[in-house]
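J.: sequence and predicted structure, then a few things I'm wondering about:
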Amino acid sequence: MNWSNYDSYKSNNQGAFSNESQVTRAAVSEETDDDGNVIRHAQAEEKREFIAWKQKRWDAETGEAQDDSKREYSLSDLEREKARYDRDQASAKAQSDGLAKAIADFKKM
């Protein structure tokens, strides 16, 4: 995800976070016994809830809408990614500051 485009995706209704759920265990399970008979078992359905970033997609050749891409995120995922960008930014600033000093020394030659 290119987070620098987040506002654009959101304002153009091309992407958004959404609450999602996924069935992890169906309410009815089936198995086949040794004689080939199908046996159905009733059980409680289980779901898991999560938050996903959904983004619209189109076929590049035809322009036809495709299924939205969907990626699950947690708050810790987003915070970890932001921390990585913040570290990269601090590193780039240190490099830039060092280069500014090197340029100043170079100009004195």
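T.: Received, thanks.
J.: what are the bridge partners for residue 65, then?
T.: residue 58 (DSSP bridges).
J.: isn't it up against residue 58?
T.: Yes - between residue 65 and residue 58 there is a contact under Cβ atoms under 8 Å: 5.7 Å. Every C-beta, even on glycine, is put in place using the N, C-alpha and C of the backbone.
J.: got the domain ranges for the protein?
T.: Using automatic domain parsing, the domain ranges for the chain come out as 1-73, 74-109.
J.: export those domains as TSV, with columns for mean pLDDT.
T.: TSV is the format used below for the domains of the chain (pLDDT from 0 to 100):
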stretch	mean pLDDT
domain 1-73	93
domain 74-109	97
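J.: any chance of these in a markdown table, with mean neighbour count too?
T.: Output for those, formatted as a markdown table (neighbours: other Cβ atoms under 10 Å):
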| stretch | mean neighbour count |
| --- | --- |
| domain 1-73 | 11 |
| domain 74-109 | 10 |
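J.: quick one, phi psi at the residue nearest to the spatial centre of the chain?
T.: Nearest residue to the geometric centre of the chain (Cα atoms, centre = their mean): residue 71, 3.8 Å. Note on residue 71: backbone dihedrals following degrees, to the nearest 10 are phi -130, psi 130.
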